[in-house]
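Student: need a 3D model of the sequence below.
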Amino acid sequence: MSKYQTLVTILDQIRAESSGTGHEASYLPDPSHGDAVTQSRSRAFLHLYLMVSFGLLDFAEREQYLTDGKHDGGIDAFYIDAESHRIYFIQSKFRATEENFRSKLITVNELIAMDIGRILNGESSDESGVPYNAQVLGMQSRILAIADIGRYDYKVLLLANAPNLPPAKIKHLTGGYPTEVIENDRTYLDLVLPVLAGTHFRQMDIQIAIDLSNKNGGPRSAMKFGRPITTARLL
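Tutor: Alright, predicted model coming up:
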């Protein structure tokens, strides 16, 4: 199994966690609807980042931080870190094929579509007057309600292959906020390997069995996270 296929397997396990949460329509579409499946994996990719980077193990809790959808102001997810006094704005580009995941770049237009400044200034619609979606407005309300907001700083996270531009230019395109690019090759090191190693999570219910044996047989280890109980071999 390739690294990309391993990633997809993990994303499908995360999608399965939506069962019984009321979000099944977004995460468990008809398997024959390829575009819908890709979109659901794209949302699960955001879940994976929130889970590994911020330790959010509960599906419903992570879902509260997703803003992805129409009229999202270029922001797919966010996270408010009360300990570090930092707010993260995340834009992610999951790709439906291994080759595109490896090589396709986020566009400059997608970068400049991030309306972080407008949203932080309390604007409820984009420059064209189109209202932001309910999730973005909910994010805005949460941020504006922070009592000591003056102590917070902001950071943009791009889960995508960025154009060949200097970091200062990318920062300018995203509104002048410090920007970290997690290119898709780095995804395997930062997100997939911690899951496979089981180094980041408490033991829970989903089980992915990782085949570490040779063809003649041998030991096999397992990692657990999330729910419900499902087993998939990563060969």
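
Student: in stretch 17-33, what counts as buried?
Tutor: Within stretch 17-33, the residues that count as buried by 16 or more other C-beta atoms under 10 Å are 17-18, 23, 26-29. Heads up, the C-betas are built off the backbone N, CA and C, glycines and all.

Student: endpoints of stretch 118-130, how far apart?
Tutor: Taking C-alpha to C-alpha, to the nearest Å, stretch 118-130 runs 13 Å from one end to the other.

Student: to clarify, my last question referred to stretch 17-35.
Tutor: End-to-end span of stretch 17-35 (C-alpha to C-alpha): 20 Å.

Student: of the buried residues of stretch 17-33, which is the nearest to residue 171?
Tutor: Checking the buried residues of stretch 17-33 against residue 171 with C-beta to C-beta, the nearest one is residue 26 at 31.6 Å.

Student: quick one, what contacts that closest one?
Tutor: 18, 40, 43 (C-beta atoms under 8 Å, 6 or more residues apart in numbering).

Student: now it: which helix or strand?
Tutor: Under the criterion of DSSP states H and E, residue 26 resides in helix 24-27.

Student: same check on residue 61?
Tutor: Taking DSSP H and E as the criterion, residue 61 maps to helix 59-63.

Student: with only the CA atoms kept, save that helix in CSV.
Tutor: Output of helix 59-63 as CSV, limited to C-alpha atoms (Å, rounded to 0.1, in the frame of the first residue of the first chain):
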residue,chain,number,x,y,z
PHE,A,59,-15.2,13.8,16.1
ALA,A,60,-18.0,16.2,17.2
GLU,A,61,-15.5,18.5,18.8
ARG,A,62,-13.4,18.7,15.7
GLU,A,63,-16.4,19.3,13.5
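
Student: so which residues make contact with the helix or strand just after that helix?
Tutor: Downstream of helix 59-63, the next assigned helix or strand under DSSP H and E is strand 77-81. The contact list for strand 77-81, computed with C-beta under 8 Å, 6+ apart, reads 46, 49-50, 53-54, 65-68, 87-90, 92, 139, 142-143, 146.

Student: buried residues, the next helix or strand after strand 77-81. List them.
Tutor: Sequence-wise, the next helix or strand downstream of strand 77-81 (DSSP H and E) is strand 86-92. In terms of neighbour count (16+ other C-beta under 10 Å), strand 86-92 has its buried residues at 87-92.

Student: quick one, grab the pLDDT at the residue nearest to residue 157 when sequence neighbours are not counted.
Tutor: Excluding the flanking residues, the one nearest residue 157 by C-beta to C-beta, 6 or more residues apart in numbering is residue 90, at 4.6 Å. Looking at residue 90, its pLDDT stands at 98.

Student: ditto for the one 3 residues further on
Tutor: Taken from the predicted model, the pLDDT recorded for residue 93 is 96.

Student: give the contact list for it.
Tutor: By C-beta under 8 Å, 6+ apart, the contact list for residue 93 reads 104, 106, 110, 159-161.

Student: swap in residue 115?
Tutor: Taking C-beta under 8 Å, 6+ apart, we find residue 115 in contact with 73-75, 123, 126-127, 132.

Student: backbone phi and psi for it, please?
Tutor: When read as degrees, to the nearest 10, the backbone of residue 115 gives phi -90, psi 40.

Student: next one: it from residue 195, what distance?
Tutor: Distance, residue 115 to residue 195, by C-beta to C-beta, to the nearest Å: 32 Å.

Student: cool, residue 176 as well?
Tutor: As judged by C-beta to C-beta, residue 176 and residue 195 stand 33 Å apart.

Student: ok, the two, which is more surrounded?
Tutor: residue 195 (22 against 13; other C-beta atoms under 10 Å).
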